[in-house]
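# give the three-dimensional model of this entry:
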Amino acid sequence: MSVAPGVPGDCDDTEVIASVDGDGSRQEFVLADISEDDAWLSMSADDAPTLPAWR
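Down below sits the predicted model:
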């Protein structure tokens, strides 16, 4: 995993998860580092990269 400049490189204690969540009318792709407070992002599931694109 690459680390941004100025950010400590110790990533042993991180846990990143991804999920698709929604209220029935709109689906959101959520990516979160659950080992840190407020370390998440979301986007429309339609705009999220597909699994083959991540490989």
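# CA atoms for contacts and neighbours, from now on please.
Noted.
# quickly list what Asp21 is bridged to.
Glu28 (DSSP bridges).
# that one contacts Met43, correct?
No - contact criterion Cα atoms under 8 Å: Asp21 and Met43 do not qualify, at 10.3 Å.
# look at Ala53 and give its secondary structure.
helix (DSSP: H, G, I helix; E, B strand; the rest coil).
# which ones are touching it?
Contacts for Ala53 (Cα atoms under 8 Å, 6 or more residues apart in numbering) come out as none.
# and it, how far is that from Ala32?
19 Å (Cα to Cα, to the nearest Å).
# next: Ser44.
15 Å.
# neighbour count winner among the two?
Remark: of Ser44 and Ala32, Ala32 carries more neighbours, 17 against 14, as counted by other Cα atoms under 10 Å.
# output the below-cut-off pLDDT ranges for the protein.
Low-confidence segments of the chain (pLDDT under 70): 1-11.
# that one: strands as residue ranges?
16-22, 27-33, 40-44 (DSSP state E).
# and Ala32, bridged to which residues?
Applying DSSP bridges, one finds that Ala32 bridges with Ile17, Trp40.
# which non-adjacent residue is nearest the residue nearest to the spatial centre of the chain?
Note on the chain: the residue nearest the mean C-alpha position is Leu31, at 2.0 Å, using Cα atoms, centre = their mean. In this structure, Leu31 finds its nearest non-sequential neighbour in Ala18, 4.4 Å apart by Cα to Cα, 6 or more residues apart in numbering.
# let me see the contact set for that neighbour.
Neighbours of Ala18 in contact, by Cα under 8 Å, 6+ apart: 29-32.
# got TSV for the residues you listed, with distance to Asp13 too?
Below are the contacts of Ala18 laid out as TSV (distance: Cα to Cα, whole Å):
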residue	distance to Asp13
Phe29	23
Val30	20
Leu31	17
Ala32	14
